[in-house]
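> generate a structure from the sequence data that follows.
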Amino acid sequence: MGYRDTYDRWRNDPSGFWMEAANDVDWFSPPTVAFEPSAGVYGRWFPDATCNTCHNALDRHVEGGRADQAALVYDSPVTGTKRTFTYVELLREVQAFALVLTDLGVAKGDRVVVYMPMVPEAVVGMLACARIGAVHSVVFGGFAARELATRIDDAMPKIILSASCGIEPGRTVAYKPLLDEAIALAAHKPSACVVLQRERLKAELADGRDHDWHDRQRNALADLAGGRPSPCVELAATDPLYILYTSGTTGRPKGIVRDNGGHMVALRWTMEAIYGMAPGETYWAASDVGWVVGHSYIVYGPLLHGCTTVLFEGKPVGTPDAGTFWRVIAEHGVRVLFTAPTAIRAIRKEDPDARHAAGHDLTGLRALFLAGERADPETIRWAERLLDVPVIDHWWQTETGCAVAANPLGLERLPVKHGSPAVPMPGYGIRILDTEGRSVSPGVMGNIALELPLPPGAAVTLWGADDRFRSSYLQTQPGYYDTADAGSVDEDGYIWVMGRTDDVINVAGHRLSTGAMEEAVAAHPAVAECAVFGCRDELKGEVPFGLVVLKSGVDTPTTDIEAEIVATVRDRIGPLAAFKKALVIDRLPKTRSGKILRGTIKRIADGEPYTPPGTIEDPAVLTEIEGAILNANER
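Model (predicted):
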């Protein structure tokens, strides 16, 4: 069936559509009910079923004839390491590490924080948690200690999985000191940490609390070989699989909760219908397991579908050059690549004529998918010319777990409209609403809202915070999920996503809270008030820019203060924030009620036309800021 027939089939019978999709995964007790509207925050999918995600990702493929097929290909240009795990080899590693977790007292429902680089052990840890019913929460390796501490206090993990270091082009990032500092800052203390010692930099292990990963795993493998069982725990489909933290507008992270049953059904369906993948083929999501793309399409989606997945530890440029992506595609037979527009922009910046693509056989690649931020048309056109395959911009969020809108190559290749992520996927009824909750006409900008209930695989709540989930997503437009994105729908039903409607900015595909950055800036003793906003950046999509008003009587040179503020944000938020611009000014533009006009400031910084809002306290301040930003850019 083509796209329209499939979408209409879902529209006409949502329960029947998803019950049919549920036949493609294994259940201990199959669902007899698709959806229960009275359960959870907005209803729950497959409420009477039981299952196990690890079984579906590994055991069933080993039992079904894929034991010797490659499951995971680890390619690490930063260490010069390559390793392939077959399905049976990966299963053995996961079974053993599940025993490690069990011996450390981890049981069904316990939380485990994973703070690791892009190494196979991170995937093993995630799947081992899924196997025993523990709830994993992956935090991007190298994240600042203070940010890690907030996640420890929210998830309250029994143990933490980590590594001695992460390796990046030109530098080694010591993880263990950050982990130790985070535990010291956190009110909740884990009972144990399991640390992967890497050759580049070994870590000091604390007596009693810290355990060597290799030692523990070696002993567990011996137990497994000796006949010790490591079964998959039977879980309710509605039991949580993982918590993934995303930035909140208040600076307090939001723990997105994904369940087991709906998550499996949705991801397996997308691998075939959206990406056009067949079991046995190689799929590469060039992301990180710390982000939602890594969860959905490095680990779970490809393995649930019986594909080979690529785990890449490197960068699109600098490891060693702008041809790394093309090497990986050719060497490992990648059929579909999924990455962020930032990666393609970086490659294009370094190698505009694509000289590094020469010599790499890219004829096996069928499609390039982009997401994480809006893909600018010029970047898409450049990739289309180079690769001669469909380049698909598709749109989704951490909360949705997979695409809301896409060009579903597995169903039908639709015409591409540069700048649009194409059409709604089954499960998503998209509406463009004005501030009063009324639908607007085609082509008119408004708030993008999704009809309730959300489909299988979408976030079911926030960890320990049902009321916050309601207030964050469901109260703005009753009956809808508020995406906090602005956009429009054209006459052909194509979605146009134009940007966020809150103060969360998108830096190279990573959603970061300007509220959290403002808290860090305001911590400087010389700062009276500040505003952090996202301004346009050719490479990263957006980068944060901070305007700062100093306290009276401060005589420290402003250049010194600006440099100290940049360093403070890097320390508190981490280098991912890419906070490199802080500018001291005399005053901030505010409304009469005292609200800082961040949207107007952003338009000034981006060089866009703006109209002083009628509520502004003094329009002259906008001219002052325009001049200050212009002078700063010229410097």
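> pairing partners for the closest residue in space to residue 446 that isn't next to it in sequence in the sheet, please.
Ranked by Cβ to Cβ, 6 or more residues apart in numbering and with sequence neighbours excluded, the top spatial neighbour of residue 446 is residue 432, at 4.1 Å. To be clear about C-beta, it is placed using only N, CA and C from the backbone, and glycine gets the same treatment. Beta-bridge pairing for residue 432 (DSSP bridges): residue 448.
> tell me the contacts of residue 432?
Residue 432 makes contact with 439, 440, 444, 445, 446, 447, 448, 449, 487, 488, 489 under the criterion Cβ atoms under 8 Å, 6 or more residues apart in numbering.
> of the residues you listed, select the buried ones using a PyMOL command.
Remark: buried members of those, expressed as a PyMOL selection using 16 or more other Cβ atoms under 10 Å:
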select buried, resi 446+447+448+449+487+488+489
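> for the contacts of residue 432, which one is nearest residue 27?
Of all the contacts of residue 432, residue 27 sits closest to residue 449, with 32.6 Å by Cβ to Cβ.
> contacting residues around that closest one?
Taking Cβ under 8 Å, 6+ apart as the contact definition, residue 449 lies against 430, 431, 432, 433, 477, 480, 481, 482, 483.
> tell me the two of those residues that are most distant?
The largest separation in the contacts of residue 449, counting by Cβ to Cβ, is between 432 and 481 at 13.6 Å.
> average pLDDT for stretch 269-281, rounded please.
Across stretch 269-281, pLDDT averages out at 98.
> could you find the closest non-adjacent residue to residue 6?
Using Cβ to Cβ, 6+ apart and skipping residues adjacent in sequence, the residue nearest residue 6 is residue 411, 5.5 Å away.
> that neighbour against residue 1, yeah?
Yes - with contact defined as Cβ atoms under 8 Å, residue 411 reaches residue 1; the gap is 6.9 Å.
> element containing residue 301, please.
Assigning secondary structure by DSSP states H and E places residue 301 in helix 301-304.
> can you check residue 223 too?
Since the elements are taken from DSSP H and E, residue 223 ends up inside helix 213-225.
> equivalent analysis for residue 344, please.
When elements are defined using DSSP H and E, residue 344 is found to belong to helix 341-350.
> need phi/psi at the residue of the chain positioned farthest from its centre.
Summary for the chain: using Cα atoms, centre = their mean, the residue whose C-alpha lies farthest from the chain's mean C-alpha position is residue 553, with a distance of 43.5 Å. The phi/psi pair for residue 553 (degrees, to the nearest 10) reads phi 90, psi 0.
> quick one: pLDDT of it?
Residue 553 carries a pLDDT score of 80 in this model.
> please enumerate the strands of the stretch 501-635 of the chain.
In order along the chain, the stretch 501-635 of the chain carries the following strands (DSSP state E, counting those that start in this stretch): 504-507, 510-513, 527-537, 541-550, 581-585.
> before we move on, what SS does residue 353 have?
coil (DSSP: H, G, I helix; E, B strand; the rest coil).
> distance of it from residue 322?
Between residue 353 and residue 322 the computed distance is 10 Å (Cβ to Cβ, to the nearest Å).
> tell me the mean pLDDT over the helix holding residue 344?
Helix 341-350 shows an average pLDDT of 86 in the prediction.
> list of residues touching that helix?
Outside helix 341-350, the residues within contact range by Cβ under 8 Å, 6+ apart are 286, 315-317, 321-322, 325, 368, 370, 372-376, 379, 382-383, 393, 508-509, 538-541.
> still on that earlier bit, between residue 411 and residue 1, which one's more packed in?
For residue 411 and residue 1, the more surrounded residue by other Cβ atoms under 10 Å is residue 411, and the numbers stand at 21 against 11.
> you'd agree the more buried one is in a strand?
No - assessed with three-state DSSP, residue 411 is coil; it does not lie in a strand.
> and it, what does it touch?
Residue 411 makes contacts with 1, 2, 3, 6, 273, 274, as judged by Cβ under 8 Å, 6+ apart.
> who wins for proximity to residue 600 among the strands of the stretch 501-635 of the chain?
Proximity of these to residue 600 was assessed by Cβ to Cβ; the nearest stretch is strand 527-537, lying at 9.6 Å.
> and that closest one, how far out from the chain's middle?
Between the centre of strand 527-537 and the centre of its chain there are 24 Å (Cα atoms, centre = their mean, to the nearest Å).
> okay, the angle between that strand and helix 341-350?
Between the axes of strand 527-537 and helix 341-350, defined by axes from the mean of the first three to the mean of the last three Cα atoms, to 10 degrees, the angle is 70 degrees.
> please shift the residue numbers so they start at 46 in all later answers.
Happy to do that; since the first residue is 46 now, the last one works out to strand 572-582.
> could you list every helix and strand in contact with strand 572-582?
Packing contacts for strand 572-582, counted by 3 or more Cβ pairs under 8 Å, 6 or more residues apart in numbering; DSSP states H and E, involve strand 549-552, helix 559-567, strand 586-595, helix 643-650.
> nearest to residue 629, of these?
Relative to residue 629, the nearest member of the helices and strands packed on strand 572-582 by Cβ to Cβ is strand 586-595, separated by 5.1 Å.
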